[in-house]
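*Asks:* Just need the structure, nothing else, for what follows:
(2 chains)
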2 protein chains.
Amino acid sequence: MGLAQDKRRQRAELGALGLPVPSWCVVDQVDDAVAFGERHGWPIVLKASRGGYDCRGVWVLRASEDARQIVQEALDAGTVLLAEQFLPLDLEFAVLLARTPDGMIAVYPPIETVQENGICRELRVPADLTQAQWEQAVTSSRRIAEQADMVGIMAIEYFVSNGALIVNELAPRPHNSGHWSIEGATTSQFEQHLRAVAGLPLGDAGLAAPYISTFNILGSQDGSDPRERLCDALAVPGSHVHFYGKVSRPGRKVGHVTVAADSRDAARGAAFQAWQILEGATEDRS
Amino acid sequence: MGLAQDKRRQRAELGALGLPVPSWCVVDQVDDAVAFGERHGWPIVLKASRGGYDCRGVWVLRASEDARQIVQEALDAGTVLLAEQFLPLDLEFAVLLARTPDGMIAVYPPIETVQENGICRELRVPADLTQAQWEQAVTSSRRIAEQADMVGIMAIEYFVSNGALIVNELAPRPHNSGHWSIEGATTSQFEQHLRAVAGLPLGDAGLAAPYISTFNILGSQDGSDPRERLCDALAVPGSHVHFYGKVSRPGRKVGHVTVAADSRDAARGAAFQAWQILEGATEDRS
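*Replies:* Numbers count the residues shown, from 1 in each chain, chains lettered A, B, ... in the order given. As a prediction, this is how the structure comes out:
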């Protein structure tokens, strides 16, 4: 079904399920966005209903002048649009789960996703949620998978805004937010996807270590290729580096590095160190 | 160098290094084997100097009549032979290690290898060794890797006979005794081999869980293919099943199953259960 591909339909169906979604409206003309901004207060978020990922297909409109320019350009390009309220975010996380044709479900621990300029930069597993948030996320994610009659691996992305959970998006596929599972879970998202679509029993979705840290590697701003620095990065104890075989361009996601360890500090410290080497970063962001 | 390919040369060079090897002699004619058996007592072990693995190229000679028949047949077939004393075995184990071109070495914890009819049936990690045996095995394995100027992954196989360590064989490659490392080690033997031959820093060779159990899967005696039973085997919690894409024939090694867990009983219990399902075994061997 098209639920996951079409954000307008996602919003409508998730809302109908009683799940928490942001306030939103369809935008078929400039005035739709302006009226939504006046009603909810600026800024608002404009999204393409299909095809967006990372920062593509998402615009923050700060005032009606932004709306008049950006909405018109997108409409002229033939883009189907919706607008959403701009939420103050405590954090973002994803729930990764797999479902078989006969309805068996395995749910991974929630994954904190740290965004920067609209691009996911870091995964922290498990996410720093309260017990109640964790349970609510797992319960609503199972409902979504069942409602969508989904088979295979699926990531459901959430916002936490003023302590409340809000469903952001569905991604019905092995997902960037699940890359940590290659080393960090008893069953990786890729093995799990194959088990699910083949109708085999699902594997253990538990963690292989108490804490997993993954950083996405972007092509360096100076034009250098992170692969040139692989040797130094692999010298960081426990680091696992994956490259996707893509040509490196500044800001393009070309790989990731994962460390599994006994504590948050040990995992994140090592993954951060390897990531900094790979991107050739000079600033201190730890 | 040919050290690892030629068992005659292995025995001579390891002995020259002062490492413990079984008593042995070259067998160029039937009388060489008969004299060795009379001197050391029967049975003795006859081996092809090259090309053997599992039970191939290894014969146990119980008396001079065996020697006269089997040695003559092997010599007639052009096989280069050696004879070794038959050792009473407490257990067998292997040390897996990697070495880089510039001499860095990473050593995995010793792996107990359980043989049945000359075929490795089970891996237990870590091996049940005394602290002194463990240290002696690691020390002598490092010496062998350095002496052979080996680059890449290497397995060194040992006997424990009446409490004493004896070097059995060298296998200079990713090895069957290292398959547990795919899920059971921080760095699998395959990633480690690539790091080593590429001159990259070696990865952590530590265990990913306290205990790892692997069973090799042989083609079933009734002619059925273990892959037919994959679904039931994957229902065993924590089981990871690997098939090698080989046609199943009775007794042929076609895959393995690994479980990593917090205790020996948990890991071995689950791996044994999955293995029993896959081979379609009816006897109780736990």
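
*Asks:* Where does pLDDT dip in the stretch 151-286 of chain A?
*Replies:* Scanning the stretch 151-286 of chain A for pLDDT under 70 picks out the ranges A:282-286.

*Asks:* could you say which helix or strand contains the residue in the stretch 51-200 of chain A that chain B sits nearest to?
*Replies:* As assessed by CB to the nearest CB, chain B sits closest to A:Leu200 within the stretch 51-200 of chain A, at 5.1 Å. Every residue, glycine included, has its C-beta placed from N, CA and C. If you go by DSSP states H and E, A:Leu200 is not part of any helix or strand.

*Asks:* Surely it is in contact with B:Arg229?
*Replies:* No. The criterion here is CB atoms under 8 Å, and A:Leu200 misses it with B:Arg229 at 11.5 Å.

*Asks:* Spell out the residue ranges of the strands in chain A.
*Replies:* Chain-ordered strands for chain A, with DSSP state E as the definition, fall at A:24-27, A:44-48, A:58-61, A:81-85, A:91-99, A:105-107, A:111-116, A:119-125, A:152-161, A:164-171, A:211-218, A:240-243, A:253-261.

*Asks:* now those strands as JSON lines including distance to A:Ile182 and mean neighbour count?
*Replies:* Output for the strands of chain A, formatted as JSON lines (distance: least, CB to CB, whole Å; neighbours: other CB atoms under 10 Å in any protein chain shown):
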{"stretch": "strand A:24-27", "distance to A:Ile182": "35", "mean neighbour count": "20"}
{"stretch": "strand A:44-48", "distance to A:Ile182": "30", "mean neighbour count": "21"}
{"stretch": "strand A:58-61", "distance to A:Ile182": "28", "mean neighbour count": "18"}
{"stretch": "strand A:81-85", "distance to A:Ile182": "32", "mean neighbour count": "22"}
{"stretch": "strand A:91-99", "distance to A:Ile182": "12", "mean neighbour count": "25"}
{"stretch": "strand A:105-107", "distance to A:Ile182": "16", "mean neighbour count": "19"}
{"stretch": "strand A:111-116", "distance to A:Ile182": "13", "mean neighbour count": "18"}
{"stretch": "strand A:119-125", "distance to A:Ile182": "12", "mean neighbour count": "22"}
{"stretch": "strand A:152-161", "distance to A:Ile182": "13", "mean neighbour count": "24"}
{"stretch": "strand A:164-171", "distance to A:Ile182": "17", "mean neighbour count": "19"}
{"stretch": "strand A:211-218", "distance to A:Ile182": "9", "mean neighbour count": "25"}
{"stretch": "strand A:240-243", "distance to A:Ile182": "7", "mean neighbour count": "19"}
{"stretch": "strand A:253-261", "distance to A:Ile182": "7", "mean neighbour count": "24"}
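
*Asks:* Spell out which residues of chain A are next to chain B.
*Replies:* Residues of chain A lying close to chain B (CB under 8 Å from any CB of the partner chain) are A:186-187, A:191, A:195, A:199-201, A:203-204, A:208-209, A:230-231, A:234-235, A:237-238, A:240, A:260.

*Asks:* Produce a PyMOL select command limited to the buried residues of those residues.
*Replies:* A single PyMOL command is used to select the members of the residues of chain A next to chain B judged buried by 16 or more other CB atoms under 10 Å in any protein chain shown:
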select buried, chain A and resi 186+187+191+195+200+201+203+204+208+209+230+234+237+238+240+260
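
*Asks:* Among the residues of chain A next to chain B, which are located in helices?
*Replies:* In helices, judged by DSSP state H, the following of these are found: A:Glu191, A:Arg195, A:Leu230, A:Cys231, A:Leu234.

*Asks:* residue contacts, the last one?
*Replies:* In this case it means A:Leu234. Applying CB atoms under 8 Å, 6 or more residues apart in numbering or on different chains to A:Leu234 gives the contacts A:Val241, A:Ala274, B:Arg195, B:Leu200, B:Pro201, B:Gly203.

*Asks:* Check those and tell me the two furthest apart.
*Replies:* Largest separation among these by CB to CB: A:Ala274 and B:Arg195, giving 14.0 Å.

*Asks:* For A:Gln72, which non-adjacent residue is spatially closest?
*Replies:* Closest residue in space to A:Gln72, ignoring its immediate chain neighbours: A:Val30 at 5.6 Å, by CB to CB, 6 or more residues apart in numbering or on different chains.

*Asks:* That should have said A:Ala196, apologies.
*Replies:* A:Ala98 (4.3 Å).

*Asks:* correct me, but that neighbour touches A:Leu202?
*Replies:* Yes. At 5.5 Å, A:Ala98 counts as touching A:Leu202 under the criterion of CB under 8 Å.

*Asks:* Common neighbours of these two, please.
*Replies:* A:Ile105, A:Ala106, A:Gln192, A:Arg195, A:Ala196.

*Asks:* Redo those residues as a markdown table? Include distance to B:Tyr158.
*Replies:* Conversion of the shared contacts of A:Ala98 and A:Leu202 to a markdown table gives the following (distance: CB to CB, whole Å):
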| residue | distance to B:Tyr158 |
| --- | --- |
| A:Ile105 | 46 |
| A:Ala106 | 40 |
| A:Gln192 | 38 |
| A:Arg195 | 37 |
| A:Ala196 | 42 |
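
*Asks:* quick one: which two of those are the most distant?
*Replies:* Among the shared contacts of A:Ala98 and A:Leu202, A:Ile105 and A:Arg195 lie farthest apart (CB to CB), at 12.2 Å.

*Asks:* circling back to that earlier point, is it possible to export the ones in helices among the residues of chain A next to chain B to TSV including distance to A:His179?
*Replies:* TSV is the format used below for these (distance: CB to CB, whole Å):
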residue	distance to A:His179
A:Glu191	13
A:Arg195	18
A:Leu230	17
A:Cys231	22
A:Leu234	17
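
*Asks:* what about A:Met150, neighbour count?
*Replies:* 21 (other CB atoms under 10 Å in any protein chain shown).

*Asks:* State the distance from it to A:Ala196.
*Replies:* A:Met150 is 9 Å from A:Ala196, where distance means CB to CB, to the nearest Å.

*Asks:* who touches both of these two?
*Replies:* Shared contacts of A:Met150 and A:Ala196 (CB under 8 Å, 6+ apart): A:Arg99.

*Asks:* Distance-wise, check the residue sitting furthest away from the middle of chain A relative to chain B.
*Replies:* The C-alpha centroid of chain A is most remote from A:Asp31, which lies 30.4 Å away (CA atoms, centre = their mean). Counting by CB to the nearest CB, to the nearest Å, the gap between A:Asp31 and chain B amounts to 56 Å.

*Asks:* Return every residue with contacts to both of A:Ile105 and A:Arg195.
*Replies:* A:Ala98, A:Leu202.

*Asks:* Show the pLDDT at A:Asp6.
*Replies:* Note for A:Asp6: predicted pLDDT of 80.

*Asks:* check contacts around the nearest residue to A:Ser224 once chain neighbours are set aside.
*Replies:* In this structure, A:Ser224 finds its nearest non-sequential neighbour in A:Gly280, 5.9 Å apart by CB to CB, 6+ apart. Residues near A:Gly280 by CB under 8 Å, 6+ apart: A:Ser220, A:Asp222, A:Ser224, A:Pro226, A:Arg229.

*Asks:* now with 10 Å?
*Replies:* A:Ser220, A:Gln221, A:Asp222, A:Ser224, A:Asp225, A:Pro226, A:Glu228, A:Arg229 (CB atoms under 10 Å, 6 or more residues apart in numbering or on different chains).

*Asks:* ok, back up a step: overlap in contacts, A:Ala274 and B:Arg195.
*Replies:* Taking CB under 10 Å, 6+ apart as the contact rule, A:Ala274 and B:Arg195 both touch A:Leu230, A:Leu234.

*Asks:* So what's the residue count around the closest residue to A:Phe215 other than its chain neighbours?
*Replies:* Closest residue to A:Phe215 apart from its sequence neighbours, by CB to CB, 6+ apart: A:Trp275 at 3.7 Å. By other CB under 10 Å, 29 other residues sit near A:Trp275.
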